[in-house]
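> Quick one, structure for this:
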Amino acid sequence: MNRRIFLKHSSTILASMSIAGCFETDSCTKLYEPKQPNFLLIIADDMTYTDLGCYGNKQVRTPNLDKLAKQSLKFNYCFNSAPMCAPTRMSLYTAIHPVRNGAHPNHSKVYPDIKSMPHYLSNLGYHCALIGKKHYKPEKNFPFKYLGGRNHDNGDNGTDLLISKAHDFFKDNKSKPWCLVVASNQPHTPWNRGDPSQYKASELTLPPYMVDTPETRQAMTKYYAEITYLDDQVGQVLAGLEKSGQTENTLVVFLSEQGSTYPHCKWTCYETGLGSACLLRWPGITKPETSTDAMIQYIDILPTFIEAAGGDPTKLDFDGKSIVALLKGKTNKHRDYTFGIQTSKGIIAGPKAYGIRSVRDKQYRLIWNLNYDTQFQNTVTKNFAPYLSWQTKANTGDTFAQQQYDRYKNRPEFELYDLVNDPYEMTNIINNSEHKTKIAELKKQLHQWMTQQNDKGIETEKQALTRQ
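Just a heads-up that it's a prediction; the model follows:
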């Protein structure tokens, strides 16, 4: 066979291989990269992102995550789509925001036609598995190989996450690319894992939005203990990866999920509800101990994996966008706005309805409380000891305690915060006339996003239970 005929036949064979490796209904660029990276995605459970050493909290002992941060690109502006477990995870795995994928209430389900991470990556030759917390429905829409673990950890006897299963997965999957999700249950309440005695309640510095009470401080020692417990889990997983000899070809992502149970965090669209820690280590691509101010959302993770694996996520109906160009240093920007949604109907001890929508740019966050004429309520307002202690302190005449207790339950229709000058959102500047132009801009962006999501606001909130 002469050289011209050989090249012609080779091109035909390669083209057919490329077509065979494309998605079932969508096209992709090629079947394999010369060396496809593995993907290790580690997710915490109910952890406020500011409660990590590498994000500024020097009180919490997180040596393994701090070590990972030194090896990683740290994102200063990463956000989830909804500050509740199930909507956050299902938007992460589908690259579609909660209303459009169908899973906007907690304990909800995506629409029947929605595909997820295992579908897309398996079509690129990946073996996809998950260990730990699922919190997605229906399971057929999320066909991870499940390696066991708990969907909720009450802290009773027994190991909540068998790290050895992750180690076995690493050893058993050296011949083909893989994606493993390690979904911890920590530090979700009840806070009864780890050793609280390593933290002295009286010596802790509380965030400015918290009321200083003995109950708040004591609970914080238990919460921090579970973060340290989580940190040890992360260390064990990464040690197993290193032992398997696959560290150099594995893209590692750590996400803190959404905020903790403390007021102002989970179930809210404040910064400590929607904000997230994101550490990304891709040897040979990202530079160690660096950070970026580019704004990203959880919905961007799956498209990134697809592009890194050799596929073309732009051909898919995602809300998310790949950040591979950002990781390779070809750009330092990604999003101009990030969005968030809270659907409270259907949560434990929740209100009949209390829908919240939010949009954020680099400096300002606008929050729209759809049901502002009623009170917000949940398990925190009913039986969370630290919050109830705020009311007790307020009853003594403490003005700050009264303000913080009231503002969690009673909110105006709109809130605006300058996050550069007020990072903990202590002062609502919605009525400040000098921000009229910014308010109009953010409202326009929020309405456009809701229209694209087919989010009809209060009407969508009324139908929330049909998605559970």
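> quick one: terminal-to-terminal distance for stretch 376-396?
By CA to CA, to the nearest Å, the extent of stretch 376-396 from end to end equals 24 Å.
> For stretch 241-250, output the C-alpha coordinates as CSV.
Listed next in CSV are the C-alpha coordinates belonging to stretch 241-250 (Å, rounded to 0.1, in the frame of the first residue of the first chain):
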residue,chain,number,x,y,z
LEU,A,241,-5.4,8.4,44.8
GLU,A,242,-1.7,9.1,45.3
LYS,A,243,-1.0,5.4,46.2
SER,A,244,-2.8,4.3,43.0
GLY,A,245,-0.3,6.3,41.0
GLN,A,246,-3.0,8.3,39.2
THR,A,247,-2.6,11.8,40.8
GLU,A,248,-0.8,13.3,37.8
ASN,A,249,-3.6,12.4,35.5
THR,A,250,-6.6,13.3,37.7
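> tally of neighbours for residue 145?
When counting by other CB atoms under 10 Å, one arrives at 13 neighbours for residue 145. No exception for glycine: its C-beta is placed from N, CA and C like everyone else's.
> so where's the chain shaky on pLDDT?
Along the chain, segments meeting pLDDT under 70 span 1-34.
> Moving C-terminal from the helix ranked longest in it, which element do we reach first?
When the chain is parsed with DSSP state H, its longest helix is helix 214-243. Per DSSP states H and E, the first helix or strand lying C-terminal to helix 214-243 is strand 250-255.
> could you give the angle of that next one to helix 214-243?
Angle, strand 250-255 to helix 214-243, by axes from the mean of the first three to the mean of the last three CA atoms, to 10 degrees: 170 degrees.
> Contacts for whichever helix or strand comes after strand 250-255, please.
Per DSSP H and E, strand 250-255 leads on to helix 271-274 as the next helix or strand towards the C-terminus. Under the contact criterion CB atoms under 8 Å, 6 or more residues apart in numbering, helix 271-274 has outside partners 48-50, 79-80, 83, 207, 209, 258-259, 264-267, 338, 340, 342, 358, 360, 365, 417, 419, 423-425.
> Can you go through the residues you listed and name the buried ones?
The neighbour count (16 or more other CB atoms under 10 Å) marks 48-50, 79-80, 83, 207, 209, 258-259, 264-267, 338, 340, 342, 358, 360, 365, 417, 419, 423-425 as buried among those.
> Now the most centrally placed residue in the chain. Nearest residue, chain neighbours left out?
When CA atoms, centre = their mean is applied to the chain, the residue found nearest the centroid is residue 257 (3.6 Å). Among residues not flanking residue 257 along the chain, residue 44 sits closest, at 5.2 Å (CB to CB, 6 or more residues apart in numbering).
> just checking, the one you found touches residue 182?
No: assessed by CB atoms under 8 Å, residue 44 is found out of contact with residue 182, at 10.1 Å.
> the more surrounded of those two?
Neighbour count, other CB under 10 Å: between residue 44 and residue 182, residue 44 has more, with 30 against 26.
> Contact partners for that one?
184, 186, 187, 230, 254, 255, 256, 257, 277.
> likewise residue 111?
By CB under 8 Å, 6+ apart, residue 111 lies in contact with 101, 102.
> which element is it on?
Using DSSP H and E, residue 111 sits in no helix or strand.
> Repeat that for the one 10 residues further on.
Secondary structure assignment for residue 121, by DSSP H and E: helix 117-122.
> Just say helix, strand or coil for residue 358.
State at residue 358, reduced to three classes by DSSP: H, G, I helix; E, B strand; the rest coil: strand.
> show me the residues around the closest residue to it other than its chain neighbours that make contact.
Excluding the flanking residues, the one nearest residue 358 by CB to CB, 6+ apart is residue 269, at 3.8 Å. Residue 269 is in contact with 83, 340, 341, 342, 356, 357, 358, 365, 367, counting by CB under 8 Å, 6+ apart.
> Now that the fourth one has come up, it's in contact with residue 83, right?
So that's residue 342. Yes: Residue 342 lies in contact with residue 83 (CB under 8 Å); the separation is 5.9 Å.
> which residues do those two both contact?
Contacts common to residue 342 and residue 83, judged by CB under 8 Å, 6+ apart, are 267, 268, 269, 273.
> Return the set of residues that bridge with the residue lying closest to residue 133 once chain neighbours are set aside.
Spatially, and ignoring its direct neighbours in sequence, residue 133 is nearest to residue 183 (4.2 Å; CB to CB, 6+ apart). Beta bridges link residue 183 to residue 43, residue 132 when assigned by DSSP bridges.
> which stretch of helix or strand covers residue 302?
Here residue 302 sits within helix 301-308, counting by DSSP H and E.
> hey, C-alpha coordinates of that helix in PDB?
In PDB, the C-alpha atoms belonging to helix 301-308 read as follows (Å, rounded to 0.1, in the frame of the first residue of the first chain):
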ATOM      1  CA  ILE A 301     -18.400  21.800  36.300                       C
ATOM      2  CA  LEU A 302     -19.900  19.100  34.000                       C
ATOM      3  CA  PRO A 303     -19.300  21.100  30.800                       C
ATOM      4  CA  THR A 304     -15.700  21.500  32.000                       C
ATOM      5  CA  PHE A 305     -15.300  17.700  32.500                       C
ATOM      6  CA  ILE A 306     -16.800  17.000  29.100                       C
ATOM      7  CA  GLU A 307     -14.400  19.400  27.300                       C
ATOM      8  CA  ALA A 308     -11.400  18.100  29.300                       C
END
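> same for the helix or strand following it, what does it pack against?
Following helix 301-308 in sequence order, the next helix or strand is helix 324-327 (DSSP H and E). Under the contact criterion of 3 or more CB pairs under 8 Å, 6 or more residues apart in numbering; DSSP states H and E, helix 324-327 touches strand 290-297, helix 301-308.
> deepest of the ones you listed, which one?
Neighbour counts (mean count of other CB atoms under 10 Å) averaged over each of the helices and strands packed on helix 324-327 peak at helix 301-308, with a mean of 25.
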